[in-house]
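Undergrad: Give me the fold of what follows.
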Amino acid sequence: MVKIQNKIKISLIIPAYNEENYIEECLENAIKHSDGKFHEIIVIDNNSTDRTRELAGKFPGIRVVHEPEKGLTRARQKGLEIATGDYLAYIDADTRLHPSWIKIAEKFFSKHPEAVSLSGPYRYYDGSIPKNFFQHITWWVGGPINYYMAGYMVLGGNFIAKKEALLKTGGFDKKIDFFGEDTDIARRLSKHGKVIFKMDFFIYSSSRRFQKEGFIKTNWTYSMNFWWQVLFHHPLTKEYTDQRLENNLEKKDNIEKVQKKGAEIKAWVVSSFFALAFIVTWVFESFDWHKAIPLAIFYAVFVFNTFFSIRCFSRITPPYSLMHGTIDLILASLYIAIAINIDSPAYFIFFTLLVFAVSALKYTLLLGNTGYDAMLKRKILIDMIGVCGCTLVIGGILIGYVRTSIWAWVAIFILANIILFYFWPFYRIDVLEDR
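TA: Model (predicted):
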């Protein structure tokens, strides 16, 4: 981040609690649209349990500071204590700066040195067009009215204040958890200078709270807490719903549902394809089916096993990479090769051995990337046992014990699958656990 000398030094402070879905775009826009004019950019990690800190730390020049005590006002106060700029700009982690934001701020404070704070409204980037339109109208009507009637107004996710004035107020009230905290600081700042609210000093924000709690209810809650602070100097609402936690849990639940459905569909499609390959071979190839019966039974159980294996492990497999896609194509080709060689025991078992080996390789490459290493290791162990079994069968075939070796392998394979499904229900996991 290149710094440019300015008349005023503005520190940008972004409180963030479990904002892995928003923090990157927030920082990208802040860097891109500020032209290096921020004295510093600070992310206050408010004891996040997701990847917020990690993602923010990837940006060069961004200072990530940990605040272990959860709470919006505590995070804002931490920013006040550590920032070195003359002016402190506070935005939320789900907001996006536009190119004119920093220019408006610089121009305003250069013309109005007596002002101690500048704030403005939200414009929403992720709601429907009708809802965003009504929210826009609400801001244009309600914003100026509330501001002129109260004499001050600050929107906590979009304001700049003089650090000196903030220190004179005693900083942010840590006893306030959420609603009314911005009106509280605005009221106390107004005793030290002008607190200005300008409609053109807007910032783009997520409308997730409105989407979750409803347009009317959310506006009513914010309005009541604004005026309660103005009139009685404390918020009306003590409790609030943490939309970051709610949205992350809901998103995680939706992702798991999609993964489960996708895995189910993939299992049916792939298994049906392999079964079709076998049926086509049965119909169009001419060979001694009496000798091929044990291999046909084995193939049927093999496809059955593959269905449940795909249904289980596709749910924990990361999005396709070129490498994993290539491995899956190799496995599909090997299954077709097995079906085609149903009357050739040696080739049939050889291609089966390769399936086990390639499958073991696939899941070995996934170790450390899914959070289910214990399951993957058991799957790899099963595949390697399959490789050993196929090797023994090929040895039996080569020394002349063809039917005995095949039937013994089929019996062992069927028994192994019964154990996997009933006594050790490896593929029947409805709630995935790393066991």
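
Undergrad: Low-confidence stretches in the stretch 101-250 of the chain?
TA: Applying pLDDT under 70 to the stretch 101-250 of the chain flags the ranges 240-250.

Undergrad: As a check, name the ranges of all strands in the stretch 101-250 of the chain.
TA: Taking DSSP state E, counting those that start in this stretch, the strands of the stretch 101-250 of the chain run over residues 115-119, 122-124, 158-162, 194-197, 203-205.

Undergrad: The third one versus strand 115-119: what angle between them?
TA: Put plainly, it is strand 158-162. 170 degrees (axes from the mean of the first three to the mean of the last three Cα atoms, to 10 degrees).

Undergrad: domains in the chain, as residue ranges please.
TA: 10-241, 246-423 (automatic domain parsing).

Undergrad: so which of the ones you listed is the most packed in?
TA: domain 10-241 (a mean of 19; mean count of other Cβ atoms under 10 Å). C-beta: built from backbone N, CA, C; applies to glycine.

Undergrad: in the stretch 201-350 of the chain, which spans are helices?
TA: 208-213, 215-232, 243-284, 289-313, 322-340, 345-365 (DSSP state H, counting those that start in this stretch).

Undergrad: looking at those helices, which has the lowest confidence?
TA: Least confidently modelled of those is helix 243-284, at a mean of 64 by mean pLDDT.

Undergrad: returning to that earlier point: now the strands of the stretch 101-250 of the chain in TSV, with distance to Ala75?
TA: Converted to TSV, these look like this (distance: least, Cβ to Cβ, whole Å):
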stretch	distance to Ala75
strand 115-119	18
strand 122-124	19
strand 158-162	15
strand 194-197	21
strand 203-205	17
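
Undergrad: next helix or strand past the one helix or strand Cys390 maps to?
TA: Assessed by DSSP states H and E, Cys390 sits inside helix 373-398. Using DSSP H and E, the next helix or strand after helix 373-398 towards the C-terminus is helix 402-418.

Undergrad: That next one packs against which elements?
TA: For helix 402-418, the packing partners by 3 or more Cβ pairs under 8 Å, 6 or more residues apart in numbering; DSSP states H and E come out as helix 289-313, helix 345-365, helix 373-398.

Undergrad: how about the helices in the stretch 1-150 of the chain?
TA: In the stretch 1-150 of the chain, the helices defined using DSSP H, counting those that start in this stretch lie at 23-32, 52-57, 72-82, 101-111, 129-150.

Undergrad: Redo those helices as JSON lines? Include distance to Thr169.
TA: Converted to JSON lines, those look like this (distance: least, Cβ to Cβ, whole Å):
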{"stretch": "helix 23-32", "distance to Thr169": "25"}
{"stretch": "helix 52-57", "distance to Thr169": "28"}
{"stretch": "helix 72-82", "distance to Thr169": "10"}
{"stretch": "helix 101-111", "distance to Thr169": "18"}
{"stretch": "helix 129-150", "distance to Thr169": "17"}
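
Undergrad: Out of the strands of the stretch 101-250 of the chain, flag the one nearest Thr73.
TA: strand 158-162 (13.9 Å; Cβ to Cβ).

Undergrad: Next, the residues that contact the closest one from outside, please.
TA: 10, 86-92, 95, 105, 109, 116-122, 154, 182, 185, 189, 193, 201-203, 205 (Cβ atoms under 8 Å, 6 or more residues apart in numbering).

Undergrad: again, only this time at 7 Å
TA: 10, 86-91, 95, 105, 116-120, 122, 189, 203 (Cβ atoms under 7 Å, 6 or more residues apart in numbering).

Undergrad: Given it, what are its sheet partners and their directions?
TA: Taking DSSP bridges as the criterion, strand 158-162 sits next to strand 87-91 (antiparallel), strand 115-119 (antiparallel) in its sheet.

Undergrad: before we move on, the earlier item: could the helices of the stretch 201-350 of the chain be laid out in CSV, adding distance to Tyr17?
TA: Shown next, in CSV, are those (distance: least, Cβ to Cβ, whole Å):
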stretch, distance to Tyr17
helix 208-213, 14
helix 215-232, 19
helix 243-284, 6
helix 289-313, 33
helix 322-340, 34
helix 345-365, 35
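
Undergrad: Glu24: which of the ones you listed is closest?
TA: Using Cβ to Cβ, the helices of the stretch 201-350 of the chain put helix 243-284 closest to Glu24, at 14.8 Å.

Undergrad: ok, so what distance separates Ala89 from Phe210?
TA: From Ala89 across to Phe210, the span is 24 Å (Cβ to Cβ, to the nearest Å).

Undergrad: Next: Gly193.
TA: 32 Å.

Undergrad: cool, Ala332 as well?
TA: In terms of Cβ to Cβ, Ala332 sits 47 Å off from Phe210.

Undergrad: With Leu329 instead?
TA: With Cβ to Cβ as the criterion, Leu329 and Phe210 are 46 Å apart.

Undergrad: returning to that earlier point: tabulate the strands paired with strand 158-162 (TSV), appending distance to Asn305.
TA: As requested, those are exported to TSV (distance: least, Cβ to Cβ, whole Å):
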stretch	distance to Asn305
strand 87-91	54
strand 115-119	63
